[in-house]
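1. fold the following.
(chains A, B, C and D)
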4 protein chains.
Amino acid sequence: MSAHSVGATDPAPGRSQAGSAPSGGSDPRSGGAWGSTFSWPVRVYWEDTDAGGIVFYANYLKFFERARTEWLRERGVHQRALRDEAGGMFVVSDCRLRYLRSARLDDLLLVTAQATEVGKASLTIVQSALLKPQQEGEPPVLLCEGEVRAGWVDAQTLRPARIPASVLQRLQAAPD
Amino acid sequence: MSAHSVGATDPAPGRSQAGSAPSGGSDPRSGGAWGSTFSWPVRVYWEDTDAGGIVFYANYLKFFERARTEWLRERGVHQRALRDEAGGMFVVSDCRLRYLRSARLDDLLLVTAQATEVGKASLTIVQSALLKPQQEGEPPVLLCEGEVRAGWVDAQTLRPARIPASVLQRLQAAPD
Amino acid sequence: MSAHSVGATDPAPGRSQAGSAPSGGSDPRSGGAWGSTFSWPVRVYWEDTDAGGIVFYANYLKFFERARTEWLRERGVHQRALRDEAGGMFVVSDCRLRYLRSARLDDLLLVTAQATEVGKASLTIVQSALLKPQQEGEPPVLLCEGEVRAGWVDAQTLRPARIPASVLQRLQAAPD
Amino acid sequence: MSAHSVGATDPAPGRSQAGSAPSGGSDPRSGGAWGSTFSWPVRVYWEDTDAGGIVFYANYLKFFERARTEWLRERGVHQRALRDEAGGMFVVSDCRLRYLRSARLDDLLLVTAQATEVGKASLTIVQSALLKPQQEGEPPVLLCEGEVRAGWVDAQTLRPARIPASVLQRLQAAPD
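-> Numbering: from 1, shown residues only, chains lettered A, B, ... in the order given. Presented below is the predicted three-dimensional model:
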């Protein structure tokens, strides 16, 4: 995944488009689609930083998980309810992260999630964390990008299983 | 702050109102004043829970810190800028927590912050985490309440110091 | 709880005794009783610190939980097995923390746990985090002290219940 | 990195060797070389788990960081001192993780770290988390494996820089 896969439907390469059309507008707390890609705002708090003065590297996986949860929620997939009803849950099997720039306390990030593959038992999501520009019109700055693969498992046995049909439909009916 | 002050049945003014009129309305991501008390929405993600199926007890201190940060931000106090400019920061010296009910994955909490004392070198804030009701008109359920005392320190030496005048003014000018 | 409750049986006031008789000796990874109080070594890693350059305040509750877990383990109480077999678990109902000095990256802490009350449905534990001195013979420095109350609950319903007899026996048979 | 790269100098294929000669012996808290690879014991506490009943996926990056820190420490490289003296620090630029099995509360893991490349400005470390067997003689079970690349940066500007000569010497003098 590269930075300009955000807003990939734009004929012009990448980030400028993404920067010029953040659907969130001036409200830092707005979520929803951003360009053609789902994004979720994440404020950097003390808990996220380390003694280097920047966000601790593992915490991007927390940010990515939050964005995936909200992306699922937007599609009507609620994970606790799913577990109670369907007896299963998503578990990450692989992930990759590339860190380009650091985030600091009080920064506002936009964290994207975009499914690139939805299979019968797993899905692959590309994600990125971007620094929201202070001024309108400026492009966001890519901080971290990654790819996460998650498989469906039985919540009791943790064995791989097929994603419930109702979930699959929701994920496939709303392609990114 | 005690558990029973939250909840609309209280005839006394103030916080009972908070229960009956959450300003956040139906938008789970809205912050701002909530009744007369500042509150900040916090969604429970996987990262917040533990193998007991509920929010790990230490994480309420994270939630409380987020709400304090946003409460400060609402008053124009930005902690990273302050540290860069004034060379100081707030450090917690005491806290107390009382856990009444558990929060689970996907729950939406409202986390409050209310200064009860603003001194020259420290401030005391009472805080609570409430479960946002699923239905309009229902009162929120108190999950956890606490009190946090924070002192101002020099960021290099970590020695106690006076809160900068510009910060004090902002905290005193906007009483909860 | 005060600093000198560590090693309280010593006629001399407090910390010097504790410092002069750390059972862990020169091995920073050794646990076990320390003076008359159980202590567990905790190294400060990047994950524990924040942008202030010190340990994030909520993380002392993690350190305290680790020490309580090891204190229980020393008494033969294994929490996962207990949950699987007895269907219950300890849940914290109250805690208090007082922060005196800061810990930094690479510091080695000694975290104590001492039961002050063991009831039929709950127990109270006083805890502290001390900075292990670099040199033998120097007393440890108290960084943070606190008190945690935990109750036994049914793991499914989360309702308060009596601590299983086998657990109670182990806790009472090995007074601190 | 694959599971059997642990103990790779063994002519016999992989894990059996590693399993049969853990230098830590019966002491769960012992660190040090394990087979030919550095490993560090990590106990799974409540803080590490999530509502799925297993270790939260981001926390393996915490475990890996702890093992890298101890691996550096074993070579005489102390990160806080380095930052204070040399003005620089390691920052992760890339990481990859593959999750094979889940860890649960109370499990004891062995987390390995092995440098595969030490350059002038960065190093690459392969790491794994293994479940320590309950019984002597049984091989450990691979839970998670990954690769982390870290570069040296100036602590103020966060710009890439050359690893200090004293650090390089220590890393190269003690090949895994």
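2. how about the one residue sitting closest to the centre of chain A: what's its closest non-neighbour residue?
-> With distances taken as Cα atoms, centre = their mean, residue A:113 lies nearest the centre of chain A, 3.1 Å away. The shortest distance from residue A:113 to any non-neighbouring residue, by Cβ to Cβ, 6 or more residues apart in numbering or on different chains, is to residue A:71 (4.1 Å). The way it works is simple: take the backbone N, C-alpha and C, and place the C-beta from them, glycine included.
3. can you report how many residues neighbour the one you found?
-> The number of residues packed near residue A:71 is 26, by other Cβ atoms under 10 Å in any protein chain shown.
4. residue A:105 too?
-> Residue A:105 has 23 nearby residues by other Cβ under 10 Å.
5. what do you get for residue A:158?
-> Using other Cβ under 10 Å, residue A:158 has 17 neighbouring residues.
6. where does it land in three-state SS?
-> Secondary structure assignment for residue A:158 (DSSP: H, G, I helix; E, B strand; the rest coil): coil.
7. can you pull the contacts of the closest residue to it other than its chain neighbours?
-> Distances taken as Cβ to Cβ, 6+ apart place residue D:102 nearest to residue A:158, at 5.5 Å, with adjacent residues excluded. Neighbour list for residue D:102: A:91, A:158, D:52, D:54-55, D:143 [criterion: Cβ atoms under 8 Å, 6 or more residues apart in numbering or on different chains].
8. over to residue D:102. Which of the three states is it?
-> Relying on three-state DSSP, one would call residue D:102 coil.
9. returning to what we had before: per-residue pLDDT, the residue nearest to the centre of chain A?
-> pLDDT for residue A:113: 98.
10. what lines up beside the strand or helix carrying it in the sheet?
-> Element membership for residue A:113, per DSSP states H and E: strand A:108-118. Paired neighbours of strand A:108-118 in the sheet (DSSP bridges): strand A:37-43 (antiparallel), strand A:122-131 (antiparallel).
11. can you tell me which of the contacts of residue D:102 are in helices?
-> In helices, judged by DSSP state H, none of the contacts of residue D:102 are found.
12. what does the pLDDT read for the residue of chain A most remote from its centre?
-> The C-alpha centroid of chain A is most remote from residue A:157, which lies 27.3 Å away (Cα atoms, centre = their mean). Per-residue confidence (pLDDT) for residue A:157: 96.
13. quick one: low-confidence parts of chain A?
-> Applying pLDDT under 70 to chain A flags the ranges A:1-35, A:174-176.
14. how about the helices in it?
-> Under DSSP H, chain A gives helices at A:15-20, A:59-74, A:79-86, A:165-173.
15. just the CA trace of the longest strand anywhere in chain A, in PDB.
-> Using DSSP state E to define each element, chain A has its longest strand at strand A:141-154. Extracted in PDB, the C-alpha atoms of strand A:141-154 (Å, rounded to 0.1, in the frame of the first residue of the first chain):
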ATOM      1  CA  VAL A 141       0.900  13.900   5.700                       C
ATOM      2  CA  LEU A 142       1.300  10.200   5.600                       C
ATOM      3  CA  LEU A 143       2.700   9.000   8.900                       C
ATOM      4  CA  CYS A 144       2.200   5.200   8.800                       C
ATOM      5  CA  GLU A 145       0.700   2.700   6.400                       C
ATOM      6  CA  GLY A 146       0.100  -0.900   6.700                       C
ATOM      7  CA  GLU A 147      -1.900  -4.000   5.800                       C
ATOM      8  CA  VAL A 148      -3.800  -6.200   8.100                       C
ATOM      9  CA  ARG A 149      -5.200  -9.700   7.400                       C
ATOM     10  CA  ALA A 150      -7.900 -11.000   9.700                       C
ATOM     11  CA  GLY A 151      -9.500 -14.400   9.800                       C
ATOM     12  CA  TRP A 152     -12.800 -15.500  11.300                       C
ATOM     13  CA  VAL A 153     -12.500 -17.900  14.100                       C
ATOM     14  CA  ASP A 154     -14.900 -19.700  16.500                       C
END
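16. helices and strands around it, which ones?
-> Packed against strand A:141-154 by the contact rule (3 or more Cβ pairs under 8 Å, 6 or more residues apart in numbering or on different chains; DSSP states H and E) you find helix A:59-74, strand A:88-99, strand A:122-131.
17. for residue D:59, find the nearest of the ones you listed.
-> helix A:59-74 (8.8 Å; Cβ to Cβ).
18. can you list the residues that contact the closest one?
-> The contact list for helix A:59-74 (Cβ under 8 Å, 6+ apart) reads A:31-32, A:38-40, A:42, A:48, A:78-79, A:95, A:97, A:99, A:109, A:111-113, A:125, A:127, A:129, A:144, A:146, A:148, A:150, A:174, B:43, B:45-47, B:106, D:57-58, D:61.
19. still on that earlier bit, for the strands paired with strand A:108-118, could you give me JSON lines that also reports distance to residue C:66 and mean neighbour count?
-> Shown next, in JSON lines, are these (distance: least, Cβ to Cβ, whole Å; neighbours: other Cβ atoms under 10 Å in any protein chain shown):
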{"stretch": "strand A:37-43", "distance to residue C:66": "28", "mean neighbour count": "24"}
{"stretch": "strand A:122-131", "distance to residue C:66": "30", "mean neighbour count": "24"}
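20. nearest to residue D:121, out of those strands?
-> Short answer: strand A:122-131, nearest of those by Cβ to Cβ, at 23.8 Å.
21. angle of that closest one against helix A:59-74?
-> Counting by axes from the mean of the first three to the mean of the last three Cα atoms, to 10 degrees, strand A:122-131 lies at 120 degrees to helix A:59-74.
22. distance check, residue A:109 against residue A:127.
-> 11 Å (Cβ to Cβ, to the nearest Å).
23. same question, residue A:158
-> 24 Å.
24. picking up where we left off before, dump the strands paired with strand A:108-118 into JSON lines; add distance to residue A:65 as well.
-> Formatted as JSON lines, the strands paired with strand A:108-118 follow (distance: least, Cβ to Cβ, whole Å):
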{"stretch": "strand A:37-43", "distance to residue A:65": "11"}
{"stretch": "strand A:122-131", "distance to residue A:65": "9"}
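25. residue A:55: neighbour count?
-> Neighbour count of residue A:55, defined by other Cβ under 10 Å: 27.
26. that one pairs with what?
-> residue A:49.
27. same check, this time on residue A:38
-> residue A:33, residue A:113.
28. that one reaches residue A:110, doesn't it?
-> No: Residue A:38 lies out of contact with residue A:110 (Cβ atoms under 8 Å); the separation is 10.2 Å.
29. re earlier: now for the helices of chain A, which one comes closest to residue A:139?
-> Nearest of the helices of chain A (Cβ to Cβ): helix A:15-20, 2.9 Å.
30. what bridges to residue A:109?
-> In beta-bridge terms (that is, DSSP bridges), residue A:109 pairs with residue A:42, residue A:131.
31. ok, back up a step: nearest to residue B:165, of the contacts of residue D:102?
-> residue D:55 (47.5 Å).
32. how close does that closest one sit to residue A:88?
-> From residue D:55 across to residue A:88, the span is 18 Å (Cβ to Cβ).
33. with residue A:77 instead?
-> According to Cβ to Cβ, residue A:77 stands 12 Å off from residue A:88.
34. who has more neighbours, those two?
-> Between residue A:77 and residue A:88, counting by other Cβ under 10 Å, residue A:88 is the more crowded of the two (22 against 18).
35. what sits against the more buried one?
-> Applying Cβ under 8 Å, 6+ apart to residue A:88 gives the contacts A:82, A:152-155, A:161, A:163-164.
36. out of those residues, which is nearest to residue A:135?
-> Nearest to residue A:135 out of these is residue A:82 (Cβ to Cβ; 40.7 Å).
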